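Q: this is a predicted model, with the sequence first.
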Amino acid sequence: MDILTTSAGGYSSFTPPEERVLDIRGLTKVFGGLRAVSSFTMDVPYHGLYGLIGPNGAGKTTVFNMITGIYALTEGAILFEGQELGDLPPHRITRRGIARTFQNIRLFQNLTVLDNVRIAYHAHAGYNLLEAITRLGRYGRQERELTERAQDFLAVFGLQDRQTELARNLPYGEQRRLEIARALAAHPKLLLLDEPAAGMNPNEVETLMELIRFIHDEFDLTILLIEHQMRVVMGICEWITVMDFGQVIARGTSEQIRNNEDVIVAYLGRAHGREL
Amino acid sequence: MKRLSLPSWIPTLAVGLVLFLGVFFARSTGSISAYRYQVFQIALITAISALGLNLIYGFNGQFSLGHIGFYAIGAYGSALITKDYVSGWSGSKAGALSWMMAAQIGVVLALVCIRLLRLDRLQKRITLHTSAYLKPHEARVVSTLPLLAIIAAVLALAVAVTLGLHQVLNQTLSAAMTSLPKEIGKNLVFVLAILNGGTMAALVAYLVGLPLLRLGSDYFGIATLGFAIMIYTALQNSDLVIETMKGARGMVAIPIWTNWSWVMGVFVLLVILLRNLLRSSHGRAIISVREDEIAAQTMGVDVNQLKTLAFAVGGLFAGIGGALYAHLYGFLHPSTFNIIKGFDPLIIIVLGGLGSMTGTVLASVGVVVLIEELRVILPQGFEDWRFVIYPIILLMVMLLRSQGIMGTNEWGWFRAPLPPERDIPIPNRTPRASAATQSEDA
């Protein structure tokens, strides 16, 4: 198990290929003259709670945007459950089982809390356009079922009393929770959380960490988390990959990362490196 | 405030009935002039078209300036059919009708074929096999050529099908027309003309939307404006292709078949259709595209598909509105469909509230009736002052209530139904509960 912490370049994984839910190889993204992500390689085992960290502008969100199909890849490959995602459009990737949240919350602001979750069921609504406009066939039953499932889902997250409220009227913490609930309603096998603790005070961060642990325990899924705050990542992630300037600089358990020379330098600079 | 236990459709139905019967009897007893009677009809026709635009812009968030183009397609398309019926233009009675239906079926067939053939996959496979021997830019050419050949073959097939269908349809339709009693035959032709006007506008909207909807909002607006100008120019020169459209001289001798019952009937049908669409999963997905396109995509919503759907249904509404308009005055002129007129539905939906069906209907009736009533009320020689008063009212409304009359609110049956009241089972494990057990364990 010595290979757990490896520096960039010689990549070796500790998970056999068939146990990887996500397998990213040589991922590169070039914006004009900027190499935002450069030969990025990582893999995430099934049911893992995995962290991706790095200083501002390291390219973490760009990696997420490529996994979810919002950005096209310049080079490399992303395999989800052993199958290449290639240039699938975002909605197809979601239907394969990858859901995400956003760094700056992207709820459907002018829709109700319930509708926000119900939209996640759109791909599985179970009735066609003709049935929708005539209100015949499967519409009634499916719509009722879909609504009840969405309500039950909200109840899990303690939002059942808020269902008819507009999403924009929720307090910040509840908006975060709703966004996570909405992502989970799409029934992902892999959940990507992009800086879920951004803009939260220490108390809220504590609640959030409990929430993430809860999701990981209760739902049958893998979580990949981008985070800025070391405290969150170190607190909940089993495995961590650190990136800087678009490249992987270290990977390993939180303990190993905490003591990794390269990581300390990346975060704090060389002079203050010893103080972490 | 206690909520009324009355089902929401009852007051809405009551208002609709009162409006319908009121105008109907006022006209049959002669207490409103033929002019006012037309004003009421044009108000609802405008509402139909504006509802279509509200679906595109208000609900789906795609800023379109080309709506008047679809209105024109519906008007001219349907007028060709009915004019053909009353004048027996091409010798065979149902000529225009069968041509139009056959052509639409041909286009749809071609589209379905092209989709089923999965040309993008084919191209990828060809590229894969040839990339070893060729440079990338050569491979692109080599892989595109067979696709073009396939598309040409499909189009040729579609043309053949259209020609064949035309013969069949022409025979069956003209046989049906002669066997049916005159009154029923006439109504059937009118229904088919309205439907054809609508579906043709929808089909054109779909084809125009496929490439254009990939553009962002403002760019899409300019592109659709270009489309509206193209339609306008085409109409001005239409007599070069189809003599009876008469180009810039204006198309005359269209039967005047539109009346209050037709307008109201079509209006009610379309409103029900639109409301049901918006209050379904598809409708929620359409609205989610307006709210946040990227979030909608990552929720599994096929954004491009829903944009084209909304655009085509919006075009359908405009086309049907145009068809009713054509048969209201019996005269069509390209200047009715110039781009300045194209701003009318836009003004109406912004005034009524983007994303409100009720608001659009109120604003349509309000604006049309206001402008036409001012013509009557203002003293002789001052009629043109209505275009001073109307903009001032517009300015005041926008300054005092920028979200429009209704905002995104709805009234009565248009409102989104509240989720059914039921006891939601509180799960035995929630995040907080799990945190509590964890801390106990610790």
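A: Looks like it arrived, so ask away. Residues are numbered from 1 along each chain as shown, chains lettered A, B, ... in the order given.

Q: quick check: residues of the stretch 1-150 of chain A near chain B?
A: Within the stretch 1-150 of chain A, the positions lying close to chain B (C-beta under 8 Å from any C-beta of the partner chain) are A:68-70, A:89-91, A:94-95, A:99-100, A:102, A:106-112, A:114-115, A:118-123, A:125, A:127, A:129, A:132-135, A:139, A:143-144, A:146-148. C-beta here means a position set from N, CA and C on the backbone, and glycine is covered the same way.

Q: helix, strand or coil: sort out the residue nearest the centre of chain A for me.
A: Most central in chain A under C-alpha atoms, centre = their mean is residue A:192, positioned 0.9 Å from the mean C-alpha point. In three-state terms, and counting by DSSP: H, G, I helix; E, B strand; the rest coil, residue A:192 is strand.

Q: mind checking how far it is from residue B:40?
A: Using C-beta to C-beta, to the nearest Å, we find residue A:192 at a distance of 55 Å from residue B:40.

Q: try residue A:73
A: Distance, residue A:73 to residue B:40, by C-beta to C-beta: 58 Å.

Q: show me what the residue nearest to the centre of chain A is bridged to.
A: In this entry, residue A:192 is beta-bridged to residue A:100, residue A:224, by DSSP bridges.

Q: so it touches residue A:98, yeah?
A: Yes: when contacts are counted by C-beta atoms under 8 Å, residue A:192 is listed as touching residue A:98 (6.7 Å).

Q: can you list the residues of the stretch 1-150 of chain B near chain A?
A: For the stretch 1-150 of chain B, no residues are found near chain A under the criterion C-beta under 8 Å from any C-beta.

Q: most proximal residue of the stretch 1-150 of chain B with respect to chain A?
A: residue B:124 (9.4 Å; C-beta to the nearest C-beta).

Q: quick one on the thing from earlier: for residue A:192 and residue A:98, list the residues in contact with both.
A: Here residue A:192 and residue A:98 share the contacting residues A:67, A:68, scored by C-beta atoms under 8 Å, 6 or more residues apart in numbering or on different chains.

Q: low-confidence ranges, chain A, go.
A: Counting by pLDDT under 70, chain A shows low-confidence ranges at A:1-14, A:270-276.

Q: how about the helices in it?
A: Chain-ordered helices for chain A, with DSSP state H as the definition, fall at A:60-67, A:90-96, A:113-120, A:129-134, A:139-156, A:172-185, A:202-218, A:230-236, A:254-258, A:261-268.

Q: got CSV for those helices, with mean neighbour count too?
A: Converted to CSV, the helices of chain A look like this (neighbours: other C-beta atoms under 10 Å in any protein chain shown):
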stretch, mean neighbour count
helix A:60-67, 23
helix A:90-96, 21
helix A:113-120, 27
helix A:129-134, 16
helix A:139-156, 18
helix A:172-185, 21
helix A:202-218, 17
helix A:230-236, 18
helix A:254-258, 16
helix A:261-268, 17
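
Q: mind checking which of these is nearest residue A:46?
A: Counting by C-beta to C-beta, residue A:46 lies closest to helix A:202-218 out of the helices of chain A; the figure is 12.1 Å.

Q: so how far is that closest one from its chain's centroid?
A: Offset of helix A:202-218 from its chain centre (C-alpha atoms, centre = their mean, to the nearest Å): 14 Å.

Q: stretch B:247-257 now?
A: Between the centre of stretch B:247-257 and the centre of its host chain there is 23 Å, according to C-alpha atoms, centre = their mean.

Q: hmm, who's touching it?
A: B:76, B:79, B:82-83, B:85-87, B:186, B:190, B:235-240, B:244-246, B:326-334.

Q: can you count the residues close to residue B:327?
A: For residue B:327, the number of neighbouring residues by other C-beta atoms under 10 Å in any protein chain shown comes to 25.

Q: name the element it belongs to?
A: When secondary structure is defined by DSSP states H and E, residue B:327 falls within helix B:303-329.

Q: how about that helix: buried residues?
A: Neighbour counts over helix B:303-329 (16 or more other C-beta atoms under 10 Å in any protein chain shown) mark B:303-304, B:306-328 as buried.

Q: near chain A, from these?
A: Judged by C-beta under 8 Å from any C-beta, the overlap between the buried residues of helix B:303-329 and the neighbourhood of chain A comprises B:303, B:304, B:309.

Q: what sits against residue B:237?
A: Going by C-beta under 8 Å, 6+ apart, residue B:237 touches B:247, B:248.

Q: now with 7 Å?
A: Contact partners of residue B:237, counting by C-beta atoms under 7 Å, 6 or more residues apart in numbering or on different chains, are residue B:247.

Q: cool, residue B:346 as well?
A: residue B:53.

Q: in what helix or strand does it lie?
A: For residue B:346, the host element (DSSP H and E) is helix B:343-352.

Q: if I look at residue A:247, how far off is residue A:266?
A: Distance of residue A:247 to residue A:266, computed by C-beta to C-beta: 10 Å.

Q: ugh, typo on my part, it should be residue B:18
A: Summarising the geometry, the distance separating residue B:18 from residue A:266, computed by C-beta to C-beta, is 73 Å.

Q: now residue B:126
A: 45 Å.

Q: need the contact list for residue B:166.
A: B:98, B:99, B:102.

Q: and residue B:49, by the same measure?
A: B:67, B:71, B:317, B:318, B:321, B:345 are the contacts of residue B:49 under C-beta under 7 Å, 6+ apart.

Q: number of residues surrounding the nearest residue to residue B:332 once chain neighbours are set aside?
A: Beyond its immediate neighbours in the sequence, the residue positioned closest to residue B:332 (C-beta to C-beta, 6 or more residues apart in numbering or on different chains) is residue B:251, lying 4.3 Å away. Counted with other C-beta under 10 Å, residues neighbouring residue B:251 total 24.

Q: and if you look at the one 3 residues further on?
A: Around residue B:254 there are 25 other residues, counting by other C-beta under 10 Å.

Q: how many residues are close by residue B:385?
A: The local packing of residue B:385 (other C-beta under 10 Å) involves 13 other residues.

Q: spatially nearest residue to residue 238 (excluding sequence neighbours)?
A: No chain was given, so I picked chain A. residue A:49 (5.0 Å).

Q: could you do chain B instead?
A: residue B:245 (3.8 Å).

Q: touching, that neighbour and residue B:239? I think so.
A: Yes: under the criterion of C-beta atoms under 7 Å, residue B:245 lies in contact with residue B:239, with a separation of 5.9 Å.

Q: looking at those two, which is more packed in?
A: With neighbours defined as other C-beta under 10 Å, residue B:245 and residue B:239 compare such that residue B:245 has more, 21 against 15.

Q: how much space between the more buried one and residue B:202?
A: Note on residue B:245: its distance to residue B:202, by C-beta to C-beta, is 21 Å.

Q: coming back round to it: switch the ones next to chain A among the buried residues of helix B:303-329 over to a markdown table; also include pLDDT and distance to residue A:202.
A: Formatted as a markdown table, the entries for these read as follows, by pLDDT from 0 to 100; distance: C-beta to C-beta, whole Å:
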| residue | pLDDT | distance to residue A:202 |
| --- | --- | --- |
| B:303 | 94 | 38 |
| B:304 | 93 | 43 |
| B:309 | 96 | 46 |
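
Q: mind listing what's buried in stretch A:215-228?
A: Along stretch A:215-228, the positions that meet the burial threshold by neighbour count (16+ other C-beta under 10 Å) are A:215, A:216, A:221, A:222, A:223, A:224, A:225, A:226, A:227.

Q: and it, end to end?
A: The straight-line separation of the ends of stretch A:215-228 (C-alpha to C-alpha, to the nearest Å) is 20 Å.

Q: contact partners of it?
A: A:21-22, A:44, A:46-53, A:60-61, A:64, A:184, A:188-195, A:197-198, A:212, A:233, A:237, B:429, B:434.

Q: swap the cut-off to 6 Å and go again
A: Stretch A:215-228 is contacted by residues A:21, A:44, A:46-53, A:60, A:189-195, A:233 when judged by C-beta atoms under 6 Å, 6 or more residues apart in numbering or on different chains.
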